[in-house]
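Participant: Below: sequence and its predicted model.
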Amino acid sequence: MSEIVESEVSTTKNNKSIKLKRDNQTFCSINPYPFGKYHNATRYIKDNILNVPESGVSDFIEPWHEYKAFINTPDENQLEKFITEVIRFAAACMNSRTNGTIHFGIGDQPDFVHGQIVGVAVNDKQEYLKALKSAIDNNFEHKHKFAAQKSIKTPRFVEVLNRNILSHEFVIEVDIEPLFAICRENIFHTFNMKKHKKKRRQKMFIIRDGASTRDLLVPTTFAKPLVEYDEFVKQIPKLSQLRKKAEEKHLDLTEHVVKRGPYTMNNCPRDKLIKLKRDNQTFCSINPYPFGKYRDTTRYIKDNILSVTESGTLDFIEPCHEYKAFINTPDEINWRSSSLRSFGLQLPA
């Protein structure tokens, strides 16, 4: 990992930059392509950094992310590597009932900064589409092929720009969305794709464990190797119901945002308007960003007023709030005290 010797903060549509000593290169932190979208105007710029970690379960709706640099794989093995990783990741998401996105062409430590956009050459997009469809048919149990086909979305090829010029490289992304109506309370086994003869193919049960995937049916030396598998299977009905509730809550929030949107002075309800005596200025009172969320559609409008006080603990669930203007602090102190950690980087000793 490169040592950090100086840092810069540049705000461009909520993106921030960091400079690494390795090659004195500046990286910009950006949001990933919107989940479940295909016609967004998003393009990636080479060497920028996706600002989401390869995290574990959050709320079933917030996607997991998994990064694969995909640059040391020989051309003749790329398709096999692609479908192997997608099927494994998809099965983990489906069994754990959470959304996820696997990215090919995104680097990870130690060769790259975590989340660094690398890009991969793609000669024929249709080959990837056909190979994935075939892999779903061949590696899920027949009774679950429909659920797998609906949960594993069509690969998305996001163009990578190199200094604003097309590099003819892409980041390949596959979204996984195991909807309750599709997956119900089923468990999803897959087969070892290296075994081509069905009678010899090894059955697997993949789950997500933190930021990695794991097969609970892998042979072990324990006396009771299926104990963990059995315990997880017993939790599937509960996971399914939690997924269902999360979908309903997400739908309610989405409808609320669509109907009301962020308040401005032109559409702020009268009961939310407040007037300050200091300069007789009128502001709109708004709610803070939803607690525990990271990809919500909420945006703040300058000079509006958050409608919560810096209170102490109320009921252990209602969050405490503390406000910092952060405008009279030198940039280098701002950066060293907070921004580095958002990239998973450490200050030099």
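Facilitator: Happy to help now that I have it.

Participant: any idea where the helices of this protein begin and end?
Facilitator: For the chain, the helices defined by DSSP state H cover 78-96, 125-139, 145-151, 180-183, 227-260, 331-334, 340-342.

Participant: now, of those helices, which is deepest in the fold?
Facilitator: The densest packing among these, expressed as mean neighbour count by mean count of other CB atoms under 10 Å, is seen in helix 78-96 with a mean of 22. In short, each C-beta sits where N, CA and C put it, glycine included.

Participant: per-residue confidence averaged over stretch 43-54?
Facilitator: Within the predicted structure, the mean pLDDT of stretch 43-54 is 89.

Participant: picking up where we left off before, ok, which of the helices of the chain comes nearest residue 52?
Facilitator: helix 340-342 (10.5 Å; CB to CB).

Participant: Looking at that closest one now, give me its mean pLDDT.
Facilitator: 44.

Participant: Could you do stretch 288-303 as well?
Facilitator: Average pLDDT, stretch 288-303: 74.

Participant: Show me what counts as buried in that stretch.
Facilitator: For stretch 288-303, burial by neighbour count (16 or more other CB atoms under 10 Å) applies to no residue.

Participant: could you point out where the stretch 201-349 of the chain is predicted with low confidence?
Facilitator: Across the stretch 201-349 of the chain, residues meeting the criterion (pLDDT under 70) sit at 220-225, 254-283, 285, 295-298, 307-316, 329, 331-349.

Participant: quick revisit: which one of the helices of the chain lies nearest to residue 206?
Facilitator: Of all these, the one in closest proximity to residue 206, counting by CB to CB, is helix 78-96 (4.1 Å).

Participant: What about residue 62, how many residues nearby?
Facilitator: 21 (other CB atoms under 10 Å).

Participant: circling back: let me have the helices of the chain in a markdown table, adding distance to residue 115 as columns.
Facilitator: A markdown table is the format used below for these (distance: least, CB to CB, whole Å):
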| stretch | distance to residue 115 |
| --- | --- |
| helix 78-96 | 16 |
| helix 125-139 | 22 |
| helix 145-151 | 25 |
| helix 180-183 | 29 |
| helix 227-260 | 25 |
| helix 331-334 | 22 |
| helix 340-342 | 11 |
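
Participant: Relative to residue 161, which of those is closest?
Facilitator: Distances from residue 161 to each of those were compared using CB to CB; the minimum, 18.0 Å, belongs to helix 125-139.

Participant: list the helices and strands the closest one packs on?
Facilitator: Contacts defined by 3 or more CB pairs under 8 Å, 6 or more residues apart in numbering; DSSP states H and E place helix 125-139 against helix 78-96, helix 145-151, strand 190-191.

Participant: and of those, who's closest to residue 210?
Facilitator: Residue 210 lies closest to helix 78-96 among the helices and strands packed on helix 125-139, at 11.2 Å (CB to CB).

Participant: Export only the CA atoms of the closest one, formatted as PDB.
Facilitator: Listed in PDB are the C-alpha atoms of helix 78-96, where the atom choice follows Å, rounded to 0.1, in the frame of the first residue of the first chain:
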ATOM      1  CA  GLN A  78     -11.800 -14.800 -18.800                       C
ATOM      2  CA  LEU A  79     -15.200 -16.200 -19.500                       C
ATOM      3  CA  GLU A  80     -14.700 -19.100 -17.200                       C
ATOM      4  CA  LYS A  81     -13.400 -16.900 -14.400                       C
ATOM      5  CA  PHE A  82     -16.300 -14.400 -15.000                       C
ATOM      6  CA  ILE A  83     -19.100 -17.000 -14.700                       C
ATOM      7  CA  THR A  84     -17.400 -18.800 -11.800                       C
ATOM      8  CA  GLU A  85     -17.200 -15.700  -9.700                       C
ATOM      9  CA  VAL A  86     -20.700 -14.400 -10.700                       C
ATOM     10  CA  ILE A  87     -22.400 -17.700  -9.800                       C
ATOM     11  CA  ARG A  88     -20.600 -18.000  -6.500                       C
ATOM     12  CA  PHE A  89     -21.400 -14.400  -5.500                       C
ATOM     13  CA  ALA A  90     -25.000 -14.600  -6.700                       C
ATOM     14  CA  ALA A  91     -25.700 -17.800  -4.700                       C
ATOM     15  CA  ALA A  92     -24.300 -16.100  -1.600                       C
ATOM     16  CA  CYS A  93     -26.600 -13.100  -2.100                       C
ATOM     17  CA  MET A  94     -29.600 -15.300  -2.800                       C
ATOM     18  CA  ASN A  95     -29.000 -17.500   0.300                       C
ATOM     19  CA  SER A  96     -28.400 -14.400   2.500                       C
END
